[in-house]
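Visitor: When you get a sec, could you give me coordinates for this:
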Amino acid sequence: MSKAVISLTTGLEDPEKVTVAFLVAVGAAETGRETLMFLTKEAVRLALADTAVGVACDGCPPLPELCKRYEAAGGRYFVCPICFDAKQLDSAALVGNAELQGTIPMWQWIGDDPATTFSY
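Guide: Residues are numbered from 1 along each chain as shown. So this is what the prediction gives:
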């Protein structure tokens with residue numbers, strides 16, 4: 001089965017876009033795909049504990065629930081270290097399935113296997 005990579009640049013300034021990205025990531029992970037979310041720009045904050053909060057719209061699932069489902073299904077986050085450091089964030093506050101990794105580690109994670117990608 002192919003791997004899935006979801007690239008997300010948006011943070012809580014656009015909670016609906018974040019929710020859609022998480023729905024795609026959760027769907028991939030829960031169907032057995034190895035799944036990676038590559039977080040850049042404002043999205044790096046979503047990998048900090050207790051940051052992905054709220055409900056984007058009436059009928060949307062809460063972001064904390066989506067994060068829990070993603071982690072339970074084995075989903076991982078690679079957090080752009082350049083973006084993270086530029087915001088002077090604390091790496092000790094990263095959630096357990098997140099790590100500071102850039103584009104080369106992302107390509108190494110993909111390897112030669114087929115990968116389905118989404119970008120938000």
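Visitor: which residue is nearest the middle of the protein?
Guide: Of all residues in the chain, the one closest to the mean position by C-alpha atoms, centre = their mean is Met37, 3.5 Å from it.
Visitor: So that residue, which state does it fall into?
Guide: Put simply, Met37 is strand when judged by DSSP: H, G, I helix; E, B strand; the rest coil.
Visitor: Identify the bridge partners of it.
Guide: Ile6, Tyr77 (DSSP bridges).
Visitor: any low-confidence regions in the protein?
Guide: Along the chain, the model assigns pLDDT under 70 to no residue.
Visitor: show me where it has helices.
Guide: 15-30, 63-72, 81-86, 103-110 (DSSP state H).
Visitor: of those, which approaches Leu46 most closely?
Guide: helix 15-30 (6.8 Å; C-beta to C-beta). C-beta: built from backbone N, CA, C; applies to glycine.
Visitor: Can you list the buried residues in that closest one?
Guide: 15, 17-26, 28-29 (16 or more other C-beta atoms under 10 Å).
Visitor: Run a quick neighbour tally on Glu42.
Guide: By the criterion of other C-beta atoms under 10 Å, Glu42 has 17 neighbours.
Visitor: For it, give its distance to Ala28.
Guide: 22 Å (C-beta to C-beta, to the nearest Å).
Visitor: ditto for Leu39
Guide: In terms of C-beta to C-beta, Leu39 sits 16 Å off from Ala28.
Visitor: do Ala72 as well
Guide: In terms of C-beta to C-beta, Ala72 sits 14 Å off from Ala28.
Visitor: Tell me which of the helices of the chain sits nearest to Lys3.
Guide: helix 103-110 (6.1 Å).
Visitor: Sounds good, over and out.
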